[in-house]
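Colleague: okay, sequence plus prediction incoming.
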Amino acid sequence: MKWFAGAVHSMRDEKSKAIHISEFYKVFILCEGDISKKYDDIKDNSLINIINHLIKTIYPNQKMIPSINIERDHINILSQYMKNSVEGSLEEKYPKIAITWDMKANRNLRPSMFKPTSVMKFYWRCEDCNRLYYTSITNRIKKKGNGCENCRDNKGRYLTDACPEIALYWDYSLNDVKLETVRVYSGKKRIFRLKDERICAVRIDLLYKYIVEKEGKDLDSFFIRMIEK
């Protein structure tokens, strides 16, 4: 296939918009530009149907066609062939945002491999609530704050809003963040000090759960129980 060979060669061009569907779909296919014009005979010439057409052509005796979902599988596909960093990458241009990139969920793909203009979706780890969320690089840059949907849905829900009395227990010398910035769903541990000077490290989300159950009352009992665990 001359077109197939030409597509491989064209990947050397930085402007090439090559799509690599890897062994994840049991076949290697490289294509460039508007490939739909190559297959005008296919009624629905979407990329997925073209891939299915090629698989059937290459493997005519294949009874089971693999499930193809580019949106679902693109991280697996990319992880099999993307190895090098790019100039002007997300990591280079937006280092603070790149820190929230989750390496494990993104199958060891790195923020240095993608430009800030990429519309591909990846996993990010919220610095406040420690939960994973899934969004494109461009949306991650555009969003104010950390971009986490969980924190966005609970906008304004800071620990001090839920329980102003918590300021009496907050250890201002041992915590490296300001109390006013701590969100109620944060999975991080923070340091609290009782009146008898005992201290304990407590996950904020667990503390918030107790505050809701007890309506912000009897905080001493909660902290003592945490210390005695």
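Modeller: Nice, thanks for sending it over. These numbers were taken from a predicted model, which means no experiment stands behind them. Numbering: from 1, shown residues only.

Colleague: only alpha carbons, please: show stretch 89-100 as PDB.
Modeller: Output of stretch 89-100 as PDB, limited to C-alpha atoms (Å, rounded to 0.1, in the frame of the first residue of the first chain):
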ATOM      1  CA  SER A  89       5.800  21.400  26.200                       C
ATOM      2  CA  LEU A  90       3.100  21.700  29.000                       C
ATOM      3  CA  GLU A  91       5.800  20.900  31.500                       C
ATOM      4  CA  GLU A  92       8.000  23.700  30.200                       C
ATOM      5  CA  LYS A  93       5.300  26.400  29.800                       C
ATOM      6  CA  TYR A  94       3.100  25.500  32.800                       C
ATOM      7  CA  PRO A  95       5.200  23.700  35.400                       C
ATOM      8  CA  LYS A  96       2.700  24.300  38.200                       C
ATOM      9  CA  ILE A  97       0.000  22.700  36.200                       C
ATOM     10  CA  ALA A  98       2.300  19.900  35.100                       C
ATOM     11  CA  ILE A  99       2.800  18.900  38.800                       C
ATOM     12  CA  THR A 100      -0.800  17.800  39.000                       C
END
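
Colleague: got the buried residues for that stretch?
Modeller: Using 16 or more other Cβ atoms under 10 Å as the test for burial, stretch 89-100 gives 89-91, 94, 97-98, 100. Every C-beta, even on glycine, is put in place using the N, C-alpha and C of the backbone.

Colleague: could you do stretch 96-116 as well?
Modeller: By neighbour count with 16+ other Cβ under 10 Å, stretch 96-116 contains the buried residues 97-98, 100-102, 106, 109-111, 113-114, 116.

Colleague: phi, psi for A162 please.
Modeller: phi -70, psi -30 (degrees, to the nearest 10).

Colleague: okay, it: pLDDT?
Modeller: Reading off the confidence values, A162 has pLDDT 83.

Colleague: rewinding a little: just the ones in strands from the buried residues of stretch 96-116, please.
Modeller: When DSSP state E defines the strands, the subset of the buried residues of stretch 96-116 inside them is empty.

Colleague: walk me through the domains of the chain.
Modeller: Using automatic domain parsing, the domain ranges for the chain come out as 2-81, 90-147, 159-228.

Colleague: now the buried residues of stretch 89-100 as CSV including pLDDT and distance to F222?
Modeller: Converted to CSV, the buried residues of stretch 89-100 look like this (pLDDT from 0 to 100; distance: Cβ to Cβ, whole Å):
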residue, pLDDT, distance to F222
S89, 95, 45
L90, 95, 41
E91, 95, 41
Y94, 94, 39
I97, 92, 35
A98, 94, 37
T100, 92, 30
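
Colleague: using JSON lines, lay out these together with distance to K209.
Modeller: Formatted as JSON lines, the buried residues of stretch 89-100 follow (distance: Cβ to Cβ, whole Å):
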{"residue": "S89", "distance to K209": "40"}
{"residue": "L90", "distance to K209": "35"}
{"residue": "E91", "distance to K209": "36"}
{"residue": "Y94", "distance to K209": "34"}
{"residue": "I97", "distance to K209": "30"}
{"residue": "A98", "distance to K209": "32"}
{"residue": "T100", "distance to K209": "25"}
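
Colleague: among those residues, name the ones in helices.
Modeller: If you go by DSSP state H, the buried residues of stretch 89-100 have 90-91, 97-98 in helices.

Colleague: can you give me the helices for the chain?
Modeller: Using DSSP H, helices in the chain cover 2-10, 47-58, 70-81, 90-93, 95-98, 137-142, 149-153, 159-162, 204-214, 219-228.

Colleague: K178 is nearest to which of those helices?
Modeller: Evaluated over those, closeness to K178 peaks at helix 159-162, with 9.9 Å, by Cβ to Cβ.
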